[in-house]
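[1] Structural data only, the sequence is not supplied:
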């Protein structure tokens, strides 16, 4: 999995959403994807906890067996739906052809770009959301080390791009609102990164029940321990250390950097925070999603 550093992809707008050019080219095929009814879709805005959720789900499906869940890198165990073959050995769609249902499928697509087959087949879908301020900080560092997309640029301008939806996969605000509004109609389990940090056992049990599974307390405790930030950060099958430096340069920053709630406080100036909050209030005023920026 590598890419020429001198040819960093740019964004292309698809139905009002910025996507990396090599993903945009494949979006019609992605839209036509027909899942199996047992497939599990995990959605999130980038850097909101999708890797964490994928690992939890994989462990739940395999009764907390750590060795089974180290059978392959997380990118092999779960297919990234819209991924192209430019940066990976196979596109997400090609990978799915080789996987046996029930398959774990990850996406960063906003809800309006998710293939309708997931709703028609009544697939289980888990959406994980993270507060906007911590998300933008994590996304900034990810852009810095990710050689497969445009450069991050300075922090001040990156925050502006985040607010205005100039980054990949659209605006955070519309992304989290889209899934929230449809969560009951489409039977989406909507979970929060902050809740996972605060009480991981409670949230693992919620996911387990949603997936119609019943595991022992011992297994649940093991899954909670295996999916702590500290343990996932040193798990070579989950921490993306298997990815080429020409794709993710982890000498700049780790893919799993801090995993904290409230890290935004060390990055936002008071002026930036006030402006961000004002913009947030305007865009989120007609919806009450219980985000928390600290625990």
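    In hand now; what should we look at? Since the structure is predicted, the reported quantities are computational estimates derived from the model, not experimental observations. Numbers count the residues shown, from 1 in each chain.

[2] Need the pLDDT of residue 196.
    With respect to pLDDT, residue 196 has a value of 96.

[3] Correct me if wrong: it contacts residue 203.
    Yes. Look at residue 196 against residue 203 with Cβ atoms under 8 Å: they come within range, at 4.8 Å. Just so you know, the C-beta spots here come from the backbone N, C-alpha and C atoms, and that holds for glycine as well.

[4] Compute the distance between residue 64 and residue 225, please.
    9 Å (Cβ to Cβ, to the nearest Å).

[5] Which one's more surrounded, those two?
    In terms of neighbours (other Cβ atoms under 10 Å), residue 64 is the more surrounded of residue 64 and residue 225; the figures are 21 against 14.

[6] Give me the residue ranges of this protein where confidence is low.
    Judged against pLDDT under 70, the low-scoring parts of the chain cover residues 1-8, 87, 143-147, 149, 152, 239-258.

[7] now the helices for it?
    Taking DSSP state H as the test, the helices found in the chain are 21-24, 27-31, 50-61, 74-77, 92-98, 117-120, 132-145, 155-164, 172-182, 193-198, 200-210, 217-226, 229-233, 270-284.

[8] burial measure for residue 68, as a count.
    Under the criterion other Cβ under 10 Å, the count of neighbours that residue 68 has is 14.

[9] what's near enough to touch it?
    residue 62 (Cβ atoms under 8 Å, 6 or more residues apart in numbering).

[10] again, only using 10 Å
    Residues counted as contacts of residue 68 (Cβ atoms under 10 Å, 6 or more residues apart in numbering) are 58, 59, 61, 62, 77.

[11] So the third one sits against residue 124, correct?
    No. With contact defined as Cβ atoms under 10 Å, residue 61 does not reach residue 124; the gap is 11.1 Å.

[12] shared neighbours of those two, anything?
    Shared contacts of residue 61 and residue 124, defined by Cβ under 10 Å, 6+ apart, comprise 40, 102, 211.

[13] now, which of these sits nearest residue 285?
    For the shared contacts of residue 61 and residue 124, the residue nearest residue 285 by Cβ to Cβ is residue 40; the value is 33.1 Å.

[14] So what pairs up with the closest one in the strands?
    Here residue 40 sits in beta bridges with residue 104, residue 124, as judged by DSSP bridges.

[15] How much space separates it from residue 124?
    When distance is defined by Cβ to Cβ, residue 40 is 5 Å away from residue 124.
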